[in-house]
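K.L.:
Could you work out the structure for the sequence below:
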Amino acid sequence: MIRAVIIEDETLAVTRLETLVRQCDEEISIVAKLPSVRAAVQWFSKNPQPHLVFMDIHLEDGQSFSIFDQAEILAPVIFTTAFDEYTIQAFKVNSIDYLLKPIQQEELAFALDKFRKLQNGSFYYNAKAGEPSAENLRKSSHKSRFLVTSGARIISVPVGEVAYFFSEEKSTFLRTFAGQRYAVDHSLDRLVFMLDAASFFKINRQLIINIESIDTIRKVSTNRLKVSLRPNFEKDVFVSIGKYSEFKDWLDT
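P.N.:
I've put the predicted structure just below:
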């Protein structure tokens with residue numbers, strides 16, 4: 001039996017998540033439901049490590065990231081939140097996926113499948129063996145290529161050939177450095193966790209860019225950057241104000 005903990009302060013969200021987890025994987029047992037940073041810290045100090053943690057970000061007494069500063073969490077974490085601006089912070093702890101509310105069963109099933117692969121691979125959870133690093137968790141799940149369709153053909157596109165991913169009319173596409181455009185089956189928020197964070201960055205709600213696709217960067221105002229891409233994107237590209245500092249840090253790593 002897989003022991004899981006839910007850290008979430010909304011009762012309805014807890015109930016919905018527990019139901020979805022049960023539908024996706026009957027071997028997962030929810031052993032604790034914790035509504036706050038304080039409750040989570042106390043629980044982890046007194047109980048054996050679980051195998052998996054579901055964690056909201058905004059709790060009744062602060063952000064859940066502070067839990068990692070006060071308690072030892074060795075298990076992989078699936079973040080569940082209504083906000084998309086914390087993906088970089090999530091990368092810095094042992095997260096394996098980042099699900100936006102309202103959580104869909106298909107997306108949860110994908111995240112749990114990733115967890116199962118981690119269990120069965122070289123990063124199998126074992127509290128006595130110590131914590132698998134967040135860096136290793138990310139590397140273990142990086143995509144190296146995407147299968148796309150063009151008419152009746154199925155094409156394998158290596159990640160290194162992708163200049164950027166973008167959303168358009170509720171669909172997601174990739175564009176290669178050669179200029180080809182193909183539809184992909186994953187949302188941008190899902191792609192963030194499939195791609196190498198050293199090479200790809202989600203600069204706004206519409207775009208994830210490859211660092212090699214950047215042509216020029218211009219500062220147009222305080223905390224406001226305009227980016228030109230290769231190949232050219234059809235619209236003006238701006239870095240979200242909230243990601244200004246993270247973007248600069250990404251470029252400087």
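K.L.:
For the rest of this, base every contact and every neighbour count on C-alpha atoms.
P.N.:
Noted.
K.L.:
Convert the biggest helix by length in the chain to PDB, retaining C-alpha atoms only.
P.N.:
If you go by DSSP state H, the chain has its longest helix at helix 105-120. Taking Å, rounded to 0.1, in the frame of the first residue of the first chain, the C-alpha atoms of helix 105-120 are listed here in PDB:
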ATOM      1  CA  GLN A 105      -8.500  13.100 -13.600                       C
ATOM      2  CA  GLU A 106      -6.400  12.600 -16.700                       C
ATOM      3  CA  GLU A 107      -3.700  15.000 -15.500                       C
ATOM      4  CA  LEU A 108      -3.700  13.400 -12.000                       C
ATOM      5  CA  ALA A 109      -3.300  10.000 -13.700                       C
ATOM      6  CA  PHE A 110      -0.400  11.300 -15.700                       C
ATOM      7  CA  ALA A 111       1.300  12.600 -12.500                       C
ATOM      8  CA  LEU A 112       0.700   9.300 -10.700                       C
ATOM      9  CA  ASP A 113       2.100   7.400 -13.600                       C
ATOM     10  CA  LYS A 114       5.300   9.500 -13.300                       C
ATOM     11  CA  PHE A 115       5.400   8.700  -9.600                       C
ATOM     12  CA  ARG A 116       5.100   5.000 -10.300                       C
ATOM     13  CA  LYS A 117       7.900   5.200 -12.900                       C
ATOM     14  CA  LEU A 118      10.100   6.900 -10.300                       C
ATOM     15  CA  GLN A 119       9.200   4.200  -7.800                       C
ATOM     16  CA  ASN A 120      10.200   1.500 -10.200                       C
END
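K.L.:
So what's the gap between it and the chain middle?
P.N.:
Helix 105-120 sits 13 Å away from the centroid of its parent chain (Cα atoms, centre = their mean, to the nearest Å).
K.L.:
buried sites along that helix?
P.N.:
Glu107, Leu108, Ala109, Ala111, Leu112, Lys114, Phe115, Leu118 (16 or more other Cα atoms under 10 Å).
K.L.:
Run through the neighbouring helices and strands of that helix.
P.N.:
The elements that helix 105-120 packs onto, with contact taken as 3 or more Cα pairs under 8 Å, 6 or more residues apart in numbering; DSSP states H and E, are helix 11-24, strand 95-100.
K.L.:
what's the closest of the ones you listed to Arg205?
P.N.:
Ranking those by proximity to Arg205 (Cα to Cα) places strand 95-100 first, at 13.0 Å.
K.L.:
Can you show me the helices along the protein?
P.N.:
Taking DSSP H as the criterion, the chain carries its helices at 11-24, 37-46, 67-70, 87-91, 105-120, 134-140, 188-192, 244-251.
K.L.:
returning to what we had before: weakest of the helices and strands packed on helix 105-120 by average pLDDT?
P.N.:
Lowest mean pLDDT within the helices and strands packed on helix 105-120: strand 95-100, at a mean of 88.
K.L.:
so what does it touch, helix or strand wise?
P.N.:
Applying 3+ Cα pairs under 8 Å, 6+ apart, one finds that strand 95-100 contacts strand 77-81, helix 105-120, helix 134-140, helix 188-192.
K.L.:
rerun that using 6 Å as the cut-off
P.N.:
Packing partners of strand 95-100 (3 or more Cα pairs under 6 Å, 6 or more residues apart in numbering; DSSP states H and E): strand 77-81.
K.L.:
before we move on, the earlier item: can I get the helices and strands packed on helix 105-120 in a markdown table including mean neighbour count?
P.N.:
Formatted as a markdown table, the helices and strands packed on helix 105-120 follow (neighbours: other Cα atoms under 10 Å):
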| stretch | mean neighbour count |
| --- | --- |
| helix 11-24 | 15 |
| strand 95-100 | 24 |
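K.L.:
can you list the ones you listed in a markdown table and add distance to Ser150?
P.N.:
Listed next are the helices and strands packed on helix 105-120 as a markdown table, based on distance: least, Cα to Cα, whole Å:
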| stretch | distance to Ser150 |
| --- | --- |
| helix 11-24 | 32 |
| strand 95-100 | 29 |
